[in-house]
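Novice: Could you work out the structure for the sequence below:
(one chain, ligands or ions: 1)
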Amino acid sequence: MCGIVGYTGGRRASEIIYEGLKQLEYRGYDSAGIATLSGGNITVVKRQGRVNALENCIGDISGSTGIGHTRWATHGKPSDINAHPHSAGKFAVVHNGIIENYAYLKERFFKDVSFTSQTDSEIIVRLLDAFYSGNLLSAINKVGSLLKGSYAIVVMCTDFNGLVVLKYNNPAIIGYGSGENFIASDCPALAGLCSEITIPEDGDIAFVTKDGVEIYDAGLNRVERPRLENLATPASLELGDCPHYMLKEIREVPASVEGTVLSYRTAEAKLKRVVNGVKRVIIIGCGTAYNSGLVAKRYIESFARIPAEAEIAGEFRYKNPIITADTLVIAISQSGETADTVEGVKLCKSLGAKVIAVTNSPYSGITRYADAVAPVTAGSEICVAATKSYTGQITALYLLAHTIAGLSIGEAYARLAVMPSLCKKTLECAGIDTLADMCARSGGVYFLGRDIDCAVAAEGSLKLKEVSYVPCEGYPAGELKHGTLALIDIKAVAVVIITSKHLAGKSENAVEQVLSRRGKVAIISNIDGIEKTFEGRAQVIKIPACDENLSPLLSAIAVQLLAYKTALLLDRDPDKPRNLAKSVTVE
Ligand code: F6R
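Specialist: Predicted coordinates:
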């Protein structure tokens, strides 16, 4: 959450930072700002709104060192004043994270000072200004020792021709150029600018100049951190012929399945060692990642016949979980930086669990604490709503469940081999436009299913509500009659997912119950003959037949397209839904 960019080199900093902020806009888009250093002076421009609100000011700010920020408000409403960078005296800073003790620090050090903004971040620049007396490292170290919470901070000081990064529990990446260096919250902002990156560790302070990078650990020892390949490419950011990233990324689902299968092969041996002797599995994640955990629970229990629980990471970490040495924790996160998931992983490690990270971000926080990584190779996902990463996660989890169960992985690969072409067929399936129209006009949409279909129903509901703002619920079809049925009337739409053959009849009962209350029904199914059963009564979206366990890869595409098309009908921006941002690095 919040995107940070820093540049120091020989080029006009504001232009590079502006382009970088546009790449990071998925991390927050309620206000943005840039500060540059030129002739020993700092100039700041900041505006409420999206990054392009800065476009007309870029030419006005000179300097070849600068910082920029795109904000997702935590403290203080979106406004010009609350936008970053914040400045005081010789300093300007940008901050991603939350300073939990800002009110205490303000009271302690600035009792009678009135602050300019309502943000927690302003305290950082005020403290720097107060504690600086010529030694930048010592002032930054002192300020870092006072802050409680999470942060990635980039500091600019008029006495230093470069930038300083201070990081704790929030991502910051340093990119190496030639005669220039970069800082960003995430690799996509550095795509095409640098092929090598370094990821500072928590507590590190990094001095970045155009000529090099010096890193100090929390004890102020000079340290070297590894240089890694920047895997993000400019091509991954291009929209091609798609009007939105959401559509582009749904169309990339077949490639995400294929890519994830390929990368699982390279990780398989290590994963096999880590799962050896596991007696119980806990799966943690948030939002869509949690929903893919619901699918994984079914895979693990049915293939390995050992207990598996899917838990929302933000709840799990505060419930004093029961973990034993033979517990395997599977942490799922597209970004690998979701604060609740990363903290859940740290907790489980401290309690002695083995941890496997399932992530689309190979260098992310979650991978640093895990015993092994089951890679999701979906490519950069820019749209705030997760799509191809969900199907990539399901692919990785399907394979991981085979590894846990000791089942033939070769057969799993063979079953998955046909899925990319079935995914492509699903992208063309008929009837979604009509259903989107029904949803856009509805008073509420109820996604229903049983067993594995129920897990996809939860994701269908999340997807539709976040991009269209239509009220939705994802519900077990059999549970409808125990309360939720009271909500069904002529304005309600039920989207019933039916791919489990042995439960089809049961789910059809739910269809009948909704129809009897004059609700409208659409069925997403690959069961033969279902169109005939509901002819003239329900709209059927037919998806290709496939191995039953892999049907979520196809039904997910149908619900993702439905969400996208409904959002367009309601004139929403599907890539940047209101109030949301990707990579939720705050609690
Ligand atoms: C929904 C969505 C979110 C994320 C959630 C976890 O479309 O994108 O619900 O799934 O914030 O994010 P990651 O997977 O990065 O941990």
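Novice: got the residues of the stretch 201-350 of the chain near the ligand?
Specialist: 286-289, 333-335, 338, 341 (Cβ under 6 Å from any ligand atom). The way it works is simple: take the backbone N, C-alpha and C, and place the C-beta from them, glycine included.
Novice: want to throw these into TSV with neighbour count and secondary structure?
Specialist: As requested, these are exported to TSV (neighbours: other Cβ atoms under 10 Å; DSSP: H, G, I helix; E, B strand; the rest coil):
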residue	neighbour count	secondary structure
C286	22	coil
G287	22	helix
T288	23	helix
A289	28	helix
S333	34	strand
Q334	28	coil
S335	26	coil
T338	30	coil
T341	31	helix
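Novice: Now stretch 404-417: average pLDDT?
Specialist: Mean per-residue pLDDT for stretch 404-417: 97.
Novice: Could you do stretch 325-341 as well?
Specialist: Computed over stretch 325-341, the average pLDDT equals 96.
Novice: Get me the contact residues on this structure for the ligand.
Specialist: Residues of the chain lying near the ligand (Cβ under 6 Å from any ligand atom): 286-289, 333-335, 338, 341, 385-386, 462, 466, 583-584.
Novice: Show the pLDDT at C187.
Specialist: At C187, pLDDT is 89.
Novice: for I58, that is, sorry about that
Specialist: Looking at I58, its pLDDT is 89.
Novice: what's the answer for D241, then?
Specialist: On pLDDT, D241 comes in at 94.
Novice: what helix or strand is it on?
Specialist: Using DSSP states H and E, D241 sits within no helix or strand.
Novice: from the residues of the chain next to the ligand, which is closest to the ligand?
Specialist: Within the residues of the chain next to the ligand, proximity to the ligand (Cβ to the nearest ligand atom) peaks at G287, which comes in at 1.8 Å.
Novice: mind checking how far the closest one is from V384?
Specialist: Per Cβ to Cβ, to the nearest Å, G287 is found 10 Å from V384.
Novice: mind listing the strands for the stretch 1-150 of the chain?
Specialist: Assigned by DSSP state E, counting those that start in this stretch, the strands in the stretch 1-150 of the chain fall at 3-8, 31-38, 41-48, 65-71, 86-88, 91-99, 149-157.
Novice: Would you format those strands as a markdown table with mean pLDDT and mean neighbour count included?
Specialist: Converted to a markdown table, the strands of the stretch 1-150 of the chain look like this (pLDDT from 0 to 100; neighbours: other Cβ atoms under 10 Å):
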| stretch | mean pLDDT | mean neighbour count |
| --- | --- | --- |
| strand 3-8 | 97 | 30 |
| strand 31-38 | 97 | 26 |
| strand 41-48 | 97 | 19 |
| strand 65-71 | 97 | 30 |
| strand 86-88 | 98 | 22 |
| strand 91-99 | 97 | 28 |
| strand 149-157 | 97 | 25 |
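Novice: Serialize these to TSV and add fields for distance to A232.
Specialist: Output for these, formatted as TSV (distance: least, Cβ to Cβ, whole Å):
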stretch	distance to A232
strand 3-8	14
strand 31-38	21
strand 41-48	26
strand 65-71	17
strand 86-88	28
strand 91-99	18
strand 149-157	18
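Novice: any idea how far A73 is from A103?
Specialist: For A73, the distance to A103 - Cβ to Cβ - is 17 Å.
Novice: That should have said G177, apologies.
Specialist: From G177 across to A103, the span is 40 Å (Cβ to Cβ).
Novice: Neighbour count: those two, which is higher?
Specialist: Shown here are G177 and A103; by other Cβ atoms under 10 Å, G177 has more neighbours (19 against 12).
Novice: I'd guessed that one sits against C194; true?
Specialist: Yes: counting by Cβ atoms under 8 Å, C194 is a contact partner of G177 at 5.0 Å.
Novice: Just the strands from the stretch 201-350 of the chain, written as ranges.
Specialist: 205-209, 212-216, 222-223, 227-229, 280-285, 308-312, 327-333.
Novice: among those strands, which is the most enclosed?
Specialist: When those are scored by mean count of other Cβ atoms under 10 Å, the highest mean neighbour count falls to strand 327-333 (a mean of 28).
Novice: That strand - contacts with which helices or strands?
Specialist: Packing partners of strand 327-333 (3 or more Cβ pairs under 8 Å, 6 or more residues apart in numbering; DSSP states H and E): strand 280-285, helix 287-304, helix 339-350, strand 354-359, helix 388-405.
Novice: List the contacts of the closest residue in space to L294 that isn't next to it in sequence.
Specialist: Distances taken as Cβ to Cβ, 6 or more residues apart in numbering place A455 nearest to L294, at 3.7 Å, with adjacent residues excluded. By Cβ atoms under 8 Å, 6 or more residues apart in numbering, the residues touching A455 are 291, 294-295, 297-298, 449, 552.
Novice: then the lengthiest helix in the chain to PDB, C-alphas only?
Specialist: Longest helix in the chain by number of residues (criterion: DSSP state H): helix 253-275. The C-alpha trace of helix 253-275 is given here as PDB (Å, rounded to 0.1, in the frame of the first residue of the first chain):
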ATOM      1  CA  VAL A 253      -5.000 -17.000 -17.000                       C
ATOM      2  CA  PRO A 254      -4.000 -19.800 -19.400                       C
ATOM      3  CA  ALA A 255      -0.400 -18.600 -19.300                       C
ATOM      4  CA  SER A 256      -0.500 -18.300 -15.500                       C
ATOM      5  CA  VAL A 257      -1.500 -22.000 -15.300                       C
ATOM      6  CA  GLU A 258       1.200 -23.000 -17.800                       C
ATOM      7  CA  GLY A 259       3.900 -20.900 -16.200                       C
ATOM      8  CA  THR A 260       3.100 -22.100 -12.700                       C
ATOM      9  CA  VAL A 261       3.300 -25.800 -13.700                       C
ATOM     10  CA  LEU A 262       6.700 -25.200 -15.300                       C
ATOM     11  CA  SER A 263       8.000 -23.400 -12.200                       C
ATOM     12  CA  TYR A 264       6.600 -26.100  -9.800                       C
ATOM     13  CA  ARG A 265       8.900 -28.600 -11.500                       C
ATOM     14  CA  THR A 266      11.900 -26.700 -10.400                       C
ATOM     15  CA  ALA A 267      10.700 -26.300  -6.800                       C
ATOM     16  CA  GLU A 268       9.300 -29.800  -6.400                       C
ATOM     17  CA  ALA A 269      12.300 -31.600  -4.800                       C
ATOM     18  CA  LYS A 270      12.600 -29.100  -2.000                       C
ATOM     19  CA  LEU A 271       8.900 -29.000  -1.400                       C
ATOM     20  CA  LYS A 272       8.900 -32.700  -1.100                       C
ATOM     21  CA  ARG A 273      11.500 -32.600   1.700                       C
ATOM     22  CA  VAL A 274       9.600 -29.900   3.600                       C
ATOM     23  CA  VAL A 275       6.300 -31.700   3.600                       C
END
